[in-house]
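In: show me how the following folds:
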Amino acid sequence: MARRTFHVIDITEILAHWYAGRSQHDVAGSLGVDRKTIRRYVDPAIAAGFVPGGAPISQADWAPLVKQWFPHLTDTRLRQVTWPDFDKHREYVVELRERPHGGAADVVVGGMEFAQRFGPVEYAGHAAAGEDL
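Out: Numbers count the residues shown, from 1 in each chain. Prediction:
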């Protein structure tokens, strides 16, 4: 399955289904998520003593626990250190995006214009031209 990003609401849904007594296999199938992913998010609940079939717990009740178990889901710090470098060119990029275009060729031309105007773009700490990744 493809990699996807999870949010607190997604994890609370996984936990609510599991806690209601559905097997991890069934939860994975119905939500379109790999069983290992389900296990990753259910394991902290099991370690905390939760057992499927207990007293009902709403998704709203699961949310604080999910935030505690998976703080990275609510951490909003900037992760892409290159964003400020790209942000300097936001107006030009918006202008490029608003141009009517006829497909991939125009996207390539726009990219070439960008490179001519601003030089090589840094990507993941490496120069796009001349340096091996």
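In: elements contacting the helix or strand containing residue 93?
Out: If you go by DSSP states H and E, residue 93 is part of helix 90-98. Helices and strands touching helix 90-98, by 3 or more Cβ pairs under 8 Å, 6 or more residues apart in numbering; DSSP states H and E, are helix 104-118. Bear in mind the C-beta positions are built from the backbone N, C-alpha and C, glycine included.
In: who are the neighbours in contact with residue 11?
Out: 41, 62, 66, 70, 73 (Cβ atoms under 8 Å, 6 or more residues apart in numbering).
In: against residue 11, how distant is the fourth one?
Out: Between residue 70 and residue 11 the distance is 7 Å, computed by Cβ to Cβ, to the nearest Å.
In: circling back to that earlier point, quick check, nearest of the contacts of residue 11 to residue 51?
Out: Nearest to residue 51 among the contacts of residue 11, counting by Cβ to Cβ, is residue 62 at 14.6 Å.
In: residues touching the closest residue to that closest one other than its chain neighbours, list them.
Out: Spatial nearest neighbour of residue 62, chain neighbours left out: residue 12 (4.1 Å); criterion: Cβ to Cβ, 6 or more residues apart in numbering. Residues in contact with residue 12, defined by Cβ under 8 Å, 6+ apart, are 59-60, 62-63, 66.
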